[in-house]
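Asker: sequence plus predicted model, see below.
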Amino acid sequence: MDRLRALEVFVEVVKRDGFARAAEALDTSPANVTRYISDLEAHLQTRLLNRSSRKMSLTSSGEALFERAKSILDDVAEAEAIVSSAALQPHGVLRINAPLSFGVLHLAPLWARFMRLYPEVQLDVALIDRVVDIVEEGYDMAVRISRAGSASNVARKLATSQNVLCASPEYIEQRGMPRTPAELLQHDGIGYSYAATADEWHMLDAAGQPHSVKMPCVMHTNNGDTARAAALGGLGVIWQPTFLVGADLRAGRLQRVLPDYHMPDMDVLAVYPSRRHLSAKVRVMIDFLVQELSGTPPWDRTA
C-alpha cells in the first residue's frame with residue numbers, strides 16, 4: 001500500500017464528505033478510494049470512518065489521524081516546493097495565530113493588501129489570546145506580544161508597543177490624579193489575567209529606579225478590550241499597551257497616569273518553528289509585516 005497516497009485519499013474523503021466526491025477530486029474511481037480507505041484501516045488496525053448509506057463521520061482515531069495527515073501532506077508539498085522553482089512563488093494555505101485585540105485592530109486591516117500582493121496564498125487566521133504551541137497546533141507562524149521573546153521558536157521583531165497606565169478623565173476628576181506609585185494603592189485597578197506579574201505592577205522612575213505596587217483590583221479580565229472598556233466607563237486604572245489605548249489617549253478619552261514613570265515595553269514578534277524550513281509564504285508574510293509596522297508603529301502615530 002502506498003501510505004502517502006492512502007493518507008491523501010483519506011484527507012480528501014473527509015474534506016469532501018464522501019467517497020464519490022473525493023474520487024472526482026482525485027481523478028480516480030470510487031472503488032479505488034474505497035480500497036485505499038480499507039487498506040489504511042487494515043494497516044492501522046482501527047476504524048477511521050463510520051459509514052452508512054446516508055451519513056459518514058470520523059471515529060476518534062479518524063479525527064486524530066486527519067489532523068496529523070493534513071500536516072504531513074502540507075510538509076510533503078512544502079518539501080517538494082523547496083527543491084522546485086515553485087519555491088520562489090508563495091502559495092498555499094498560511095495558518096497564522098495572533099492575539100485577539102491586536103489582530104482585530106492592527107492586523108485585520110492589512111490582510112486585503114497582503115492577499116492582493118500574493119494572490120496564491122490563502123490566509124487562515126486564528127485570533128487567540130493564550131500562547132499556542134505552533135507546532136502542536138499546526139500553525140505556520142504566530143504574531144506575539146512579549147517581553148521575553150521565544151525560547152522554542154525563531155522570533156523576528158516587528159515593532160515595539162509601550163505599556164502605559166491610564167484612566168478616564170471622569171475617574172481622575174472623581175478620585176484625583178496619583179503622583180507616585182504608592183498613591184496607586186488608594187485607587188481601583190483593572191487587572192489583566194494573563195499578565196506575567198499578575199496584580200504586581202512594575203515601573204521605573206526618571207532615574208531608572210524600580211518601583212512596584214500590589215494593585216488593588218476591583219475587576220479582572222483576560223481580554224484587553226474588556227479592560228479598556230471598563231476604564232473608559234470610569235471603573236479604574238488600567239495598565240495596557242499603546243496598541244490598544246493609543247487612539248483613546250490621543251482623543252482624550254483616557255489620560256496617562258504617572259506619565260513620568262516608565263512601564264516595560266512590549267515587543268511585537270513574528271514567531272515560527274525553528275525546526276522547519278522558512279517557506280516562501282511565511283517569509284513574504286514576515287517581510288510584509290516588517291514593512292507595514294516599521295518605524296513609528298501605527299498605534300503611536302499622531303496622524
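Answerer: Cool, got the structure. Numbers count the residues shown, from 1 in each chain.

Asker: any idea which helix or strand comes after whatever helix or strand residue 33 lives in?
Answerer: Here residue 33, judged by DSSP states H and E, is contained in helix 30-44. As assigned by DSSP H and E, the chain's next helix or strand after helix 30-44 is strand 49-51.

Asker: mind listing what residue 43 touches?
Answerer: By C-beta atoms under 8 Å, 6 or more residues apart in numbering, the contact list for residue 43 reads 1, 3, 6. Where C-beta positions appear, they are placed from N, C-alpha and C, glycine not excepted.

Asker: equivalent analysis for residue 201, please.
Answerer: 165, 181, 184, 189, 212, 213, 215, 239.

Asker: out of those, who's nearest residue 252?
Answerer: Minimum distance to residue 252 across the contacts of residue 201 is 16.1 Å, recorded for residue 165 (C-beta to C-beta).

Asker: I'd say that closest one and residue 238 touch.
Answerer: Yes. Counting by C-beta atoms under 8 Å, residue 238 is a contact partner of residue 165 at 7.3 Å.

Asker: contacts for the longest helix along the chain?
Answerer: Ranked by residue count and defined by DSSP state H, the top helix of the chain is helix 60-82. With C-beta under 8 Å, 6+ apart as the contact definition, helix 60-82 has outside contacts at 4, 7-8, 10-11, 14, 44, 46-49, 58, 86-87, 91-93, 138, 277, 279-280.

Asker: C-terminal to that helix, what's the next element?
Answerer: strand 92-98.

Asker: got phi/psi on residue 162?
Answerer: When read as degrees, to the nearest 10, the backbone of residue 162 gives phi -70, psi 150.

Asker: who touches the closest residue to it other than its chain neighbours in this structure?
Answerer: Leaving aside its chain neighbours, residue 162 sits nearest to residue 242 (4.7 Å; criterion: C-beta to C-beta, 6 or more residues apart in numbering). Taking C-beta under 8 Å, 6+ apart, we find residue 242 in contact with 161, 162, 163, 164, 249, 299, 300.

Asker: sweet, I'm off.
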